[in-house]
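Peer 1: Mind folding the following:
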Amino acid sequence: MLTNSAHTMSDWETFGPLLHGTARAWRLKLDERLKPMGLSQAKWRTLLHLSLASDALTQAEIAARLGVEEPSVVTLLHRLEREGWVTRQSSPHDRRCNMVHLGRRAERVIVQINAAADELRHQLLADIPSSELRTCIKVLMRICEKAERHDEARRIATFPVRLRHNGQHRGGHAITKKKVLRGATAKSK
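Peer 2: Okay, the predicted model is just below:
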């Protein structure tokens, strides 16, 4: 248990900072291993997320996975595209949306990133009993699921009109801002 001069922190108070600190320390350790390859944390994290996705990702999806704002990702993707790490194409479903794919340069490096990540994972988890690791994974999955359910419920409550990917109602009709505002105002009365 962590201590503070004013009081001893409970497990509840310790959990968040410990989780954040562990994730940060893990990323920094992997960052140390990948720096000699010329990969900054922003680069390798983006490439890793793209490699783990079952299909191309949108800029917004990459931003969400990295936990940053979309304008930051746009700047990063411009640089990655210029350097040959990624390619971007307009979405066949929505031309306003760019789909990001791994470039040839990245495909060759992903194997090295995964090897470094596997080696680090084995090193950091080597002396932890399997039963404790399984318990830790179950707890983290439950917390993640609960947080995602809360986010989804808040999103639906904040914006009750269910939109499709291209800004349309389920029936396929476009929604104007006036209709959305009128619907939201009517529901609040």
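Peer 1: other SSEs contacting the longest helix belonging to the chain?
Peer 2: Counting by DSSP state H, the longest helix found in the chain is helix 130-158. On a contact count with 3 or more C-beta pairs under 8 Å, 6 or more residues apart in numbering; DSSP states H and E, helix 130-158 meets no helix or strand. All C-beta atoms are positioned from the backbone trio N, CA, C, and that covers glycine.
Peer 1: Let me see the mean pLDDT of it.
Peer 2: Helix 130-158 carries an average pLDDT of 86.
Peer 1: likewise stretch 31-38?
Peer 2: 92.
Peer 1: What are the boundaries of the helices in this structure?
Peer 2: In the chain, the helices defined using DSSP H lie at 11-34, 41-52, 59-66, 70-82, 104-125, 130-158, 177-188.
Peer 1: which residue packs closest to the spatially most central residue of the chain, ignoring adjacent ones?
Peer 2: With distances taken as C-alpha atoms, centre = their mean, Arg65 lies nearest the centre of the chain, 1.2 Å away. Closest residue to Arg65 apart from its sequence neighbours, by C-beta to C-beta, 6 or more residues apart in numbering: His49 at 4.7 Å.
Peer 1: Who are the contact partners of that neighbour?
Peer 2: Contact analysis of His49 by C-beta atoms under 8 Å, 6 or more residues apart in numbering lists Leu57, Ile62, Arg65, Leu66.
Peer 1: I'd say the second one and Ala53 touch.
Peer 2: What that stands for is Ile62. No - using C-beta atoms under 8 Å, Ile62 is not in contact with Ala53; the gap is 9.0 Å.
Peer 1: Confidence-wise, which helix or strand of this protein is lowest on average?
Peer 2: Using mean pLDDT, DSSP states H and E, the weakest-scoring helix or strand in the chain turns out to be helix 177-188, at a mean of 45.
Peer 1: measure Glu70 to Asn98 for me?
Peer 2: 11 Å (C-beta to C-beta, to the nearest Å).
Peer 1: Quick check: neighbours shared by the two?
Peer 2: Gln59.
Peer 1: Between these two, which is the more surrounded one?
Peer 2: Asn98 (20 against 13; other C-beta atoms under 10 Å).
Peer 1: For that one, list each beta-bridge partner.
Peer 2: When assigned by DSSP bridges, Asn98 has beta-bridge partners Ser90.
Peer 1: check contacts around it.
Peer 2: Going by C-beta under 8 Å, 6+ apart, Asn98 touches Thr58, Gln59, Leu77, Arg88, Gln89, Ser90, Ser91.
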